[in-house]
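**Student:** Next come a sequence and a model predicted from it.
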Amino acid sequence: NAGVTQTPKFQVLKTGQSMTLQCAQDMNHNSMYWYRQDPGMGLRLIYYSASEGTTDKGEVPNGYNVSRLNKREFSLRLESAAPSQTSVYFCASSAYLMTATNYGYTFGSGTRLTVV
Amino acid sequence: EDQVTQSPEALRLQEGESSSLNCSYTVSGLRGLFWYRQDPGKGPEFLFTLYSAGEEKEKERLKATLTKKESFLHITAPKPEDSATYLCAGGKAAGNKLTFGGGTRVLVKP
């Protein structure tokens, strides 16, 4: 059971470079999310896609863009990386209805990004 | 503004020493309260969802409870393998978005 797969696992970028973080899930989930996790700040929502064909901003969207490529894949793009974007990035997916039995996010293992 | 606050930030326990973690929340339109476990270098792992005040759920040495303003995660007779960061989150039905607390780092010493 692969669950949620994120690539790459580690990345070092220079300021101003661009990159795309990839995320794919094989659980037939409708909703997908990108979070960043920083020490002392907890997990903060960057963007989410409640269902295929829709994307919306979360709490900290500035400097990022997303693409919901299909039901399985949700990518996060940094157009011009900045040191403030150094963080651990997590992709997650969930069923559409929060009241579904045992509803809960399934997270990937994370991408550790350093911008120098 | 939605807010989820966890306390304490860190907890050191002896093996077998039971304790409780607190999660207080102010989330408008709350549909569910979620608990996750996160091990170093890994993504959060889903533990429980609580939907209504008075609800309780258990898994091995963990029991989660919910009131109208807060949730507790009780760890009974913990073992070293229970060492992890425990995260709680409030969920809104709109967009299925979760707002996470800062987590409680639990260290259980043998």
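**Tutor:** Thanks, I have the structure now.

**Student:** only C-alpha atoms for contact and neighbour calcs from this point on.
**Tutor:** Noted.

**Student:** Report the buried residues of stretch A:72-85.
**Tutor:** A:72-78, A:81-82, A:85 (16 or more other Cα atoms under 10 Å in any protein chain shown).

**Student:** what residues does chain B put near chain A?
**Tutor:** B:31-32, B:34, B:41-46, B:48-49, B:51, B:91, B:93, B:95-97, B:99-103 (Cα under 8 Å from any Cα of the partner chain).

**Student:** Show me where chain A dips below the pLDDT cut-off.
**Tutor:** Counting by pLDDT under 70, chain A contains low-confidence ranges at A:1, A:96-102.

**Student:** Strands along that one, start to end?
**Tutor:** A:4-7, A:10-13, A:19-25, A:31-38, A:42-49, A:56-57, A:64-68, A:74-78, A:87-94, A:106-107, A:111-115 (DSSP state E).

**Student:** now do chain B
**Tutor:** Under DSSP E, chain B gives strands at B:3-7, B:10-14, B:19-26, B:30-38, B:45-50, B:56-59, B:62-66, B:70-75, B:84-92, B:98-100, B:104-109.

**Student:** Could I get these in JSON lines, plus columns for mean pLDDT and distance to A:M41?
**Tutor:** As requested, the strands of chain B are arranged in JSON lines below (pLDDT from 0 to 100; distance: least, Cα to Cα, whole Å):
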{"stretch": "strand B:3-7", "mean pLDDT": "95", "distance to A:M41": "11"}
{"stretch": "strand B:10-14", "mean pLDDT": "97", "distance to A:M41": "15"}
{"stretch": "strand B:19-26", "mean pLDDT": "96", "distance to A:M41": "16"}
{"stretch": "strand B:30-38", "mean pLDDT": "92", "distance to A:M41": "15"}
{"stretch": "strand B:45-50", "mean pLDDT": "92", "distance to A:M41": "19"}
{"stretch": "strand B:56-59", "mean pLDDT": "95", "distance to A:M41": "28"}
{"stretch": "strand B:62-66", "mean pLDDT": "97", "distance to A:M41": "24"}
{"stretch": "strand B:70-75", "mean pLDDT": "97", "distance to A:M41": "20"}
{"stretch": "strand B:84-92", "mean pLDDT": "93", "distance to A:M41": "12"}
{"stretch": "strand B:98-100", "mean pLDDT": "91", "distance to A:M41": "10"}
{"stretch": "strand B:104-109", "mean pLDDT": "98", "distance to A:M41": "13"}
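
**Student:** what would those strands look like in CSV with distance to A:N30 and mean neighbour count?
**Tutor:** Supplementary listing: those in CSV, determined by distance: least, Cα to Cα, whole Å; neighbours: other Cα atoms under 10 Å in any protein chain shown:
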stretch, distance to A:N30, mean neighbour count
strand B:3-7, 25, 19
strand B:10-14, 35, 15
strand B:19-26, 27, 20
strand B:30-38, 18, 22
strand B:45-50, 18, 22
strand B:56-59, 26, 14
strand B:62-66, 27, 20
strand B:70-75, 28, 21
strand B:84-92, 16, 24
strand B:98-100, 15, 25
strand B:104-109, 30, 19
